[in-house]
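Student: Okay, sequence plus prediction incoming.
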Amino acid sequence: MHTVRASARWIRADLRARRGQALLTVLSVAGIVAALVAAATLLEDGTNPWRGLFERTRGAHVWIHTGEAPDLAALRDLPGVARVAGPYRAAPVTLTLGGRKSPVALREASADPPETAAPLVRQGRWLRAGDAAGAVVERSFAEALDLRVGDPFPVTALSGSSHPLVVVGLAETADQGFYPEWTPGLAWILPETLTRIEPAPGRREVVTGLRLADGEDTLPAVHGAVTLLDEQIRRMSTWREVRASMELDNRLLGLLLALFGVAGLVAAALAVANVTGGRVLAQTRDIATLKSLGYTRGQVVALLVTEHGVLGLAGIALGLAGGQLAAALTLDGLPFPPLSPLPLLAIAAGSAAVVLVAAALPAWRGGRTPPIPAAPAAPLRGRLSRLAKLALLVRLPPALVLGTRDAFTRRTPAFLSIVGLAVPMMMITIGLGCWATLDDFLRHPERVGQAAALTVHPGRLTADEAARIARADPEVRAVHPGSEVAALEPEQTRSVLVRALGTSGAPYPLVVAEGRMFAARGEAVAGQGLLDLLGVRIGDRVRMTVGGTPLIVRIVGRVVEPDQDGEVLSTGLDTLAAKDAVPPQFHRLVLTDGADPEAVRARLLAASGQALEVRRTVNPAERLAVIRVVIVALTAVLALLGLANLLTAGALGLRDHASDLAVLKAMGLTPRQVAATLVTGTGLLVVLGVAAGTAAGASVVGGLIDLQGHTSGVGAGIGRTPPASVLAVAALAAIGAGLLVTLIPARRAARAQVPVTAR
Amino acid sequence: MDTPPVISTVNLVKIYQDGGVPVPAVRGVDLRVEPGEFIAIMGPSGSGKSTLVHMLGGLDTRTSGEIWLDGERADTLGESAWALLRRRKVGFVFQFFNLVANMTVADNVELPALLAGASPREARERREQLLGALGLADRAGAAPAQLAGGEQQRVALARALANRPRLLLADEPTGNLDSRNTRDVLKLLGQVHRDGQTIVLVTHDARVAGLADRVVSLLDGQIVDDGALPASRRRPRGGVGDVVELRG
């Protein structure tokens, strides 16, 4: 214990002498830990707003949409059902705001909030008796349309009648996922208003929610409901789908952050090890002095681990706070509970262990320093490395040759410096790959299955008229009729989307990643998400139910599917039963190259006299725009790590060769040549590290993104390697920055008067 | 009762291995240093005098032979045990001062006291007393690099004496100083010796050695001469000192 006070003095003095380097270590470790915390927060179930919403609204686990009101008593007697919400009548209407049409489901609700599945009012107020024109709008839907309390909410019923409603409140619910992943949008109105808007029972549907005693028992309850209601069921959803739809984007982001965080932790460990190792070498004499004063080997190790570990631990503490802040900002406004203590503890303990081990290894070496302060630090290798010999052979300038020799006089630190630079560079390259993939999504949407830029719904026209108007436009290259229906999958526990696009003879240009495109009736292609969901493979037959009609298809290929977590079955219109396929619900328009979708949309609307409903396709990259911010932020942190490694390598090189400088000058080297020697010594490590990192990153990035695509249901086949020019620019920028950082101390050292003394 | 010698070595041998070739540095040295004695070890470069004094302080391991420190056998101690022993009983002064560059003069001097378990107050009082005695009281807050060579060596001396060691080992303490600073440092060594401090000093400078009670001459790792200086050592010129100087 006696050494504590003495060690504290030493640590304080040493940290004061190298504030900048210490700050760099703290900041880079903090950045990495922040990324890890943000990743865990985004990945953790608790961050999914679903859980909080579900609990606060006392939500229902299963929602059943039927044509007529179901037998409530029978539903209540199903196994596991605790309460029943509804039944509520609902009417499909279209909201028209600023020429933009959005489908909305109006659902009746009483002025008294129900016991089960009561929407949570966030702004404004809930419906009051006599609110004949009042509507409470689901919040994500309202945000997407920029609707506020007091705004008009004009809806058009299927009959064509218009009703000017007014938004009185915004509410959140766990009944369905967020708009626009989950359509149609949802709004609540009083029962009498609903009857007024949609008097025809045939055009309405009835929605009933089942709250179960235990959410894990969803399957038996669903089976019971299907058996009971059978053909009455139009579609149904379970809490798992709602939860999945709410977590989609966050999960993708979380995985990316986790990948960067884990690789960054490796880089941070290397940086800490390099900084500690460099410091140990630079302080060999001081450490020897400490030993001559009576420090034991173990106490020296403890001293070094404490000093460098404390910096890392400070960084971890800062990162824990920063990460939670970053996650809060990313999830701006969403009611998510903070990260539960277990993963937070795991991250803190894990990164602390990594940092301490990284500091302990070089510290252990420091502990073995012989206690004779006068002895030279370590005998340096006198012979020329192979690389230096090569440099001599090709008659490079002397500064380069000497620098090349210097680069490898200490093998282990040189190797660690190279790896320490290569790991951040690899991650930066992977970040660039993600960037390139997003760019590719935007520039070539047809490669992710979004060949059509516009979708035309007939609106008030017939499908044939709509197709005719679309074909007449000069910038429309192809028109593909299509319909979307919800199908109950074989287990009948949930609905999946069946999308019929084009016909077997003239299919829509989907991107087939495996197998082949459907080419005959009864053939279909599926997204990765659907294959995983059903547990089927290409070549298998699946049987589904569409509105009571069985649909049996053979899956002949897998397509890149950015929608609905990839849980989409695509087939030809001729495969669907005529009742679902004729007339087609919409037409997808493939535009000519360079056409502006907005301009085409305006022309189509004008040509149809505003009768058509024309929507732009939402590109998945637009939803993932926040990833770019993440990539930039992480690149900055990784650059800090690289800088920490570089400064260590530079300081070490300078220290090792400080005494040579006088000799070099005596031999006739100009200060510029001396500086060039020093820059070459460190710069060579920079070049090797950056080149290795870029090559490694470029070779794994495609596979990594495809893996990510697979897990998110989109499916492999989307990964793009950043273009060679971008890679070259990134590598050159990194090398240039590295050389610049080395140049400043090198110039100073070259100009300084170096006394010839023993070390 | 007989007080044991501060240092006693029996047939002390040190052989370095240089690429598999054994290089003997110290070859069978028997040395005895009584309490309060001031011994100068002289010899040309490579005679093994630094190796000998490093072994006496446990900085270097012996190949064979015995080292007794204050009546206790020390050569069998491990590295850590030696470190603990040094804290209490041995102070070192080196040729290149070896002050910890990042720490102030005050911290440098207080470090050994704190290491030995003194409270910060005790350490500060001892430091103030030492620096005051060495005429450096006003430089306590300075960094070592701001001091002249002689001042640095005086700080190093203060540090070595911080724990009132039984034995002060000085390895060429004036080797890096000009004559005026040399004189200052030697005066201080003389003072602490008069206060009863046992000193073993390595030098190749006869004038420095002339300050000692006894001069031990080493050549090729063996003692070739071991003689007490006459009491008139206040005047370094004359007597054995001259002989030594001629021989050196």
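Tutor: The structure has been received and is ready for your questions. Every value quoted in this text rests on a predicted model; they were computed, and no experiment measured them.
Student: count of neighbours near the residue of chain B found nearest chain A?
Tutor: Residue of chain B nearest chain A, by C-beta to the nearest C-beta: B:Arg87 (3.2 Å). C-betas here are computed from N, CA, C, even on glycine. Using other C-beta atoms under 10 Å in any protein chain shown, B:Arg87 has 23 other residues around it.
Student: residues near the residue lying closest to it once chain neighbours are set aside, how many?
Tutor: Distances taken as C-beta to C-beta, 6 or more residues apart in numbering or on different chains put A:Gly294 closest to B:Arg87, at 3.2 Å, once the chain neighbours are dropped. Burial of A:Gly294 is recorded as 29 neighbouring residues (other C-beta under 10 Å).
Student: Let me see the mean pLDDT of the biggest strand by length in chain A.
Tutor: Determined from DSSP state E, the single longest strand within chain A is strand A:81-97. The predicted model assigns strand A:81-97 a mean pLDDT of 85.
Student: give me every residue that touches B:Leu147.
Tutor: Going by C-beta atoms under 8 Å, 6 or more residues apart in numbering or on different chains, B:Leu147 touches B:105, B:139, B:155.
Student: Pretty sure the first one sits against B:Val155.
Tutor: If I follow you right, that is B:Val105. Yes. Contact criterion C-beta atoms under 8 Å: B:Val105 and B:Val155 qualify, at 5.2 Å.
Student: joint contacts of these two?
Tutor: The contact sets of B:Val105 and B:Val155 overlap at B:99, B:131, B:136, B:139, B:144, B:147 (C-beta under 8 Å, 6+ apart).
Student: Name the member of these with the most neighbours.
Tutor: B:Leu99 (25 neighbours).
Student: quick one: contacts for that one?
Tutor: Contacts of B:Leu99 by C-beta under 8 Å, 6+ apart are A:289, B:105, B:108, B:144, B:152, B:155-156, B:159.
Student: List the contacts of the helix or strand hosting B:Leu201.
Tutor: Here B:Leu201 sits within strand B:198-203, counting by DSSP states H and E. Applying C-beta under 8 Å, 6+ apart, the external contacts of strand B:198-203 come out as B:6-7, B:33-42, B:49-50, B:52-53, B:56, B:166-175, B:189, B:192-193, B:208-209, B:212.
Student: rerun that using 7 Å as the cut-off
Tutor: Strand B:198-203 is contacted by residues B:6-7, B:33, B:35-42, B:49-50, B:53, B:56, B:166-174, B:189, B:193, B:209, B:212 when judged by C-beta atoms under 7 Å, 6 or more residues apart in numbering or on different chains.
Student: got the residues of chain B near chain A?
Tutor: Within chain B, the positions near chain A by C-beta under 7 Å from any C-beta of the partner chain are B:54, B:59-60, B:79-80, B:83-84, B:86-87, B:92, B:94-96, B:98, B:100-103, B:107, B:111-112, B:114-117, B:120.
Student: Just the ones of those in strands?
Tutor: With DSSP E as the criterion, strands contain B:Phe92 from among these.
Student: Could you tell me which of the residues of chain B next to chain A count as buried?
Tutor: Buried members of those, counted by 16 or more other C-beta atoms under 10 Å in any protein chain shown: B:54, B:59-60, B:79, B:83-84, B:86-87, B:92, B:94-96, B:98, B:100-103, B:107, B:111-112, B:114-117.
Student: just to revisit the earlier point, can you point out the buried residues in the longest strand of chain A?
Tutor: So, applying 16+ other C-beta under 10 Å, buried residues of strand A:81-97: A:81, A:83-95.
Student: Quick check: of the residues you listed, which lies closest to A:Glu489?
Tutor: Within the buried residues of strand A:81-97, proximity to A:Glu489 (C-beta to C-beta) peaks at A:Val81, which comes in at 21.7 Å.
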